[in-house]
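K.L.:
need the 3D shape of this:
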Amino acid sequence: MRDILTTQNLMNFLTSLADGDLNIATELVWLIIAAALSMVGGAIGGMLLAGKDIGYQFSAMLGALFAPAGVIPAILLGLAALNFLTNY
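P.N.:
Here you go, the predicted model:
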């Protein structure tokens, strides 16, 4: 495990991720992170909004499923705009 974390490719990837360098690999990682966080936020929002009416587990599941539908296109547009603006 120690060898995996100290490889040069992984260190370069983590450095580019932390520096804000936008390439296809870092954009996919940021997209996955944003989708996971939106699922957590959607589940919490669903529980707050409709927990008493339809049950907390069902509302959390619906919130987690529908939240990325609005977040993923916005993240893709934002990353495309950032990638476009870094060229100038």
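K.L.:
all strands of the chain, in order?
P.N.:
Secondary structure of the chain, counting by DSSP state E: no strands present.
K.L.:
where does the prediction get shaky in it?
P.N.:
Counting by pLDDT under 70, the ranges of the chain that qualify are 1, 5.
K.L.:
just give me the residue closest to the centre of it.
P.N.:
Residue closest to the mean C-alpha point of the chain, counted by C-alpha atoms, centre = their mean, is Ala34 at 1.5 Å.
K.L.:
list the contacts for that one?
P.N.:
Ala34 is in contact with 71-72, 75, counting by C-beta atoms under 8 Å, 6 or more residues apart in numbering. C-beta: built from backbone N, CA, C; applies to glycine.
K.L.:
list buried residues within those residues.
P.N.:
71, 75 (16 or more other C-beta atoms under 10 Å).
K.L.:
which of the contacts of Ala34 lies closest to Leu22?
P.N.:
Of all the contacts of Ala34, Ile75 has the smallest distance to Leu22: 12.4 Å, by C-beta to C-beta.
K.L.:
hang on, the closest one packs against Leu31?
P.N.:
Yes. If you go by C-beta atoms under 8 Å, Ile75 and Leu31 touch, sitting 5.7 Å apart.
K.L.:
what's around Ala64, how many residues?
P.N.:
20 (other C-beta atoms under 10 Å).
K.L.:
ok, now which ones touch it?
P.N.:
Counted by C-beta under 8 Å, 6+ apart, Ala64 has contacts 39-40, 42-43, 46.
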